[in-house]
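Chemist: mind looking at a prediction? Sequence and model below.
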Amino acid sequence: MDQLLQHLVNALVLGGTYALLGIGLTLIFGIMNVVNFTHGALYTVGAYAMYIAAVGLGMNFFVALPVAVVAGLALGALIEFTLLRPLRGADIDTTMLVMIGAGIVLQSGALWTFGGVAKAVPSPFPDAPLQILGASVSWLRIFVFLAALTLIVSAYALINGTRLGRAMRATFQDHDTAALMGVNVSLIYTATFALGSSLAAAAGALLGPVYVVFPQMGDLAAVKAFAIVILGGLGSITGATIGGFALALAEEFGAGYVSSGYRDAMGFLIIIAVLLVKPTGLFARAERIG
Amino acid sequence: MSTTTRLASLAALTLALMAGPAFAADTIKIGVNEPLTGAFAASGTYVVNGAKIAADEINAKGGVLGKKIELVIEDNKSNPTEAAAVAEKLITSDKTPVLMGAWGSSLTLAVMPKLEEYEVPMLVETSSSGKITTSGNPFVFRISPPSALEAASFAPMVKKIGLKKVDFLVINNDWGRGAAGDFSKMLKAEGVEVGLTETMDQAAQDMSAQLSKLKSSDADTIMMTTSVDQLTLLFKQMAALGIKKRVITTGGSQNPDQIIAQAGAAAEGTMHLTTFLPWAPEKTPDPAATKYFLGEWKARGHQFAGATESFRGYDGIRSIAAAIEKAGSAEPAAITKAFWDVKMTGLNGPIAFAKSGPEGKESGQSKPTVYLIKIADGAVSEVAL
């Protein structure tokens, strides 16, 4: 029973950050139709920004966190402005290649600047874990979970409850009509990419202190983000959230009760199953064709 | 003479002419095949930095056979496929007559067929899977201990520490699974119970699931085998899960000082099997050499934590230089033969290769010293037994 509860707690905490990663990616793909291969790199950038702010500049942990998120926002806007804007209207393969290149540049840049040795960001929370009914969880992870939930709810509110969000949704449904209705589509694209990037950076900044910070940390994160988006359906925030928690549960219980060697395979088994039954993902939205 | 034969001899002649200048060059090239990016980047970089110290030291003393040695360093990206490609590139394009590499067991195993194909020897500085020196590859010479040797050195300590039941948590590759197998065998022979063996991917960052499973097991000790970055994460996650069991790590790639710096209090009380004692240079087999190496390591601005890893690169290049000197020429075949005659004192004990593996195709295996150290009060000390 203790073990079951412990696995459940682990999965919930992990699922929050998976969901955050998935939402950032699904927004960008859903609205802009860009397969964002810089997502993992932006996650890494967020973690390094956190490291620079908290360790290099000695900022307070809770001040460093928003600084890292803003760094991701700014870098996302820059990438959209310099790389994606000139390619608007180009086919999806071209943008995909450019994004792969940008991802490599970012990752190599991190390796060049910080070296391959992992860095640690100290946690401001006590080392002793919180005990609940025999399960233990660190205070840092509880904070990360709550912060991730806050960000997920904020992103949901932004998309569904604000003027900017309405413009984003309109652009997603039909960008020509949205433009005719007076939506500044270019601005929406920049805002969307910056928002998605900042969510990736936030995940990195939150998980950097939990794990360690190193240049290739984004590789596995990106694979998981893609898996979550496929699971949840493209462009769906609800889908990405549920997908994130589903993947975490599958991994955790797969490793705990089946075989830890196949931990990362568990998530992909679920994805194969979902794609067989519902090829557009669990929560795909109707889309205009042509 | 048929056209085919003539073409073949022409090709052979061209190749011979092209190969000639490479061996006649002013430097003797040594290929270094290490992970400089990917999961093992930290360790591979340390080994390369240690290798550079050896090369500079040898060259300052006039080099080998009157020529300077030149390290041709390539990154195998912590990926077995890349490691094999790097070996091929070093041998065929750079014409290196001898290699050092490839850090991880899976990386080294991927390189080994290339050594047989081109008949070029490789000094293995870090890998510890038993398979490397038992699969009948006569071009492999290893200075690091295989897991079985490490387990045998640890055997006399088992009772003294009071191990009763042990679970394993290992990296899911040849290194980790090999270590779990060899240590289980030894522990059972010593009358210690062996419980679960859990594995983790080399890139995994969250091992909470595996640790939660180990938490509810009745074993008193967890033996862990993986690289330093993953160990750091494991200790932090163990603390977060409130696991208070004895931990012993194997493989000698723990860099205890890096663990202390990054895992802090979570590393308290952990024990580690290592093959080098940079914390007590006077206790090492060659104190003068150890002090020189550590002094040079510090002078170059490298972190002290890396010394437990980098000494392998230092000893590796020194062993290769000794073999070239004995060979009297920088030809792969002569160097392969000369490795058997190398006798020197490394930073962790005598380096001399004993035959290992199937008869007629033996690999060389040196027998380094293994130490058990403990982290207590944020410092490293040898476990007194």
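Modeler: Arrived safely, thanks for sending. Numbers count the residues shown, from 1 in each chain, chains lettered A, B, ... in the order given.
Chemist: distance check, the residue of the stretch 101-250 of chain A found nearest chain B against B:Ser43.
Modeler: Nearest residue of the stretch 101-250 of chain A to chain B: A:Gly116, at 2.9 Å (C-beta to the nearest C-beta). Glycine gets a C-beta too; all of them are placed from N, C-alpha and C. Distance from A:Gly116 to B:Ser43, counting by C-beta to C-beta, to the nearest Å: 9 Å.
Chemist: in contact with the closest residue to the residue of the stretch 101-250 of chain A closest to chain B other than its chain neighbours, which residues?
Modeler: Computed as C-beta to C-beta, 6 or more residues apart in numbering or on different chains, the closest residue to A:Gly116 that is not its neighbour in sequence is B:Ala41, at 2.9 Å. Neighbour list for B:Ala41: A:Leu111, A:Gly116, A:Val117, A:Phe214, A:Pro215, A:Gln216, B:Pro35, B:Ser78 [criterion: C-beta atoms under 8 Å, 6 or more residues apart in numbering or on different chains].
Chemist: the fifth one and A:Val117 touch, don't they?
Modeler: No: A:Pro215 lies out of contact with A:Val117 (C-beta atoms under 8 Å); the separation is 9.8 Å.
Chemist: more crowded one of the two?
Modeler: A:Pro215 (26 against 21; other C-beta atoms under 10 Å in any protein chain shown).
Chemist: please name the residues that touch the more buried one.
Modeler: Contacts of A:Pro215 by C-beta under 8 Å, 6+ apart are A:Thr44, A:Gln107, A:Ser108, A:Ala110, A:Leu111, A:Phe114, A:Gly116, B:Thr37, B:Ala41.
Chemist: just the buried members of those residues?
Modeler: Buried subset of the contacts of A:Pro215 (neighbour count, 16 or more other C-beta atoms under 10 Å in any protein chain shown): A:Thr44, A:Gln107, A:Ala110, A:Leu111, A:Phe114, A:Gly116, B:Thr37, B:Ala41.
Chemist: want to try a markdown table for those residues, with secondary structure, distance to B:Ile30 and pLDDT as columns?
Modeler: Converted to a markdown table, the buried ones among the contacts of A:Pro215 look like this (DSSP: H, G, I helix; E, B strand; the rest coil; distance: C-beta to C-beta, whole Å; pLDDT from 0 to 100):
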| residue | secondary structure | distance to B:Ile30 | pLDDT |
| --- | --- | --- | --- |
| A:Thr44 | helix | 34 | 95 |
| A:Gln107 | helix | 29 | 90 |
| A:Ala110 | helix | 30 | 91 |
| A:Leu111 | helix | 25 | 87 |
| A:Phe114 | helix | 29 | 88 |
| A:Gly116 | coil | 22 | 75 |
| B:Thr37 | coil | 21 | 83 |
| B:Ala41 | helix | 21 | 84 |
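Chemist: next SSE after the host helix or strand of B:Leu234?
Modeler: For B:Leu234, the host element (DSSP states H and E) is helix B:228-240. On the C-terminal side of helix B:228-240, the closest following helix or strand by DSSP H and E is strand B:246-250.
Chemist: neighbouring strands of that next one in the sheet, and parallel or not?
Modeler: Strands that pair with strand B:246-250, judged by DSSP bridges, come out as strand B:221-225 (parallel), strand B:271-274 (parallel).
Chemist: let me see the mean pLDDT of the shortest one.
Modeler: Over the span of strand B:271-274, the pLDDT mean works out to 93.
Chemist: how far is that strand from where the chain is centred?
Modeler: With C-alpha atoms, centre = their mean, to the nearest Å as the basis, the distance from the averaged C-alpha position of strand B:271-274 to the chain average is 15 Å.
Chemist: which of the contacts of A:Pro215 sits closest to A:Ala54?
Modeler: Among these, A:Phe114 lies closest to A:Ala54 (C-beta to C-beta), at 14.2 Å.
Chemist: right, and the closest one touches A:Tyr48 too?
Modeler: Yes: A:Phe114 lies in contact with A:Tyr48 (C-beta under 8 Å); the separation is 6.5 Å.
Chemist: mind listing what's buried in the strand or helix carrying A:Val67?
Modeler: Using DSSP H and E, A:Val67 maps to helix A:61-79. Neighbour-count burial for helix A:61-79 flags A:61, A:64-65, A:67-69, A:71-73, A:75-77, A:79 (criterion: 16+ other C-beta under 10 Å).
Chemist: cool, stretch A:220-233 as well?
Modeler: Buried residues in stretch A:220-233 (16+ other C-beta under 10 Å): A:220-222, A:224-233.
Chemist: out of these, list just those in strands.
Modeler: Among these, DSSP state E puts none in strands.
Chemist: appreciated, that's everything.
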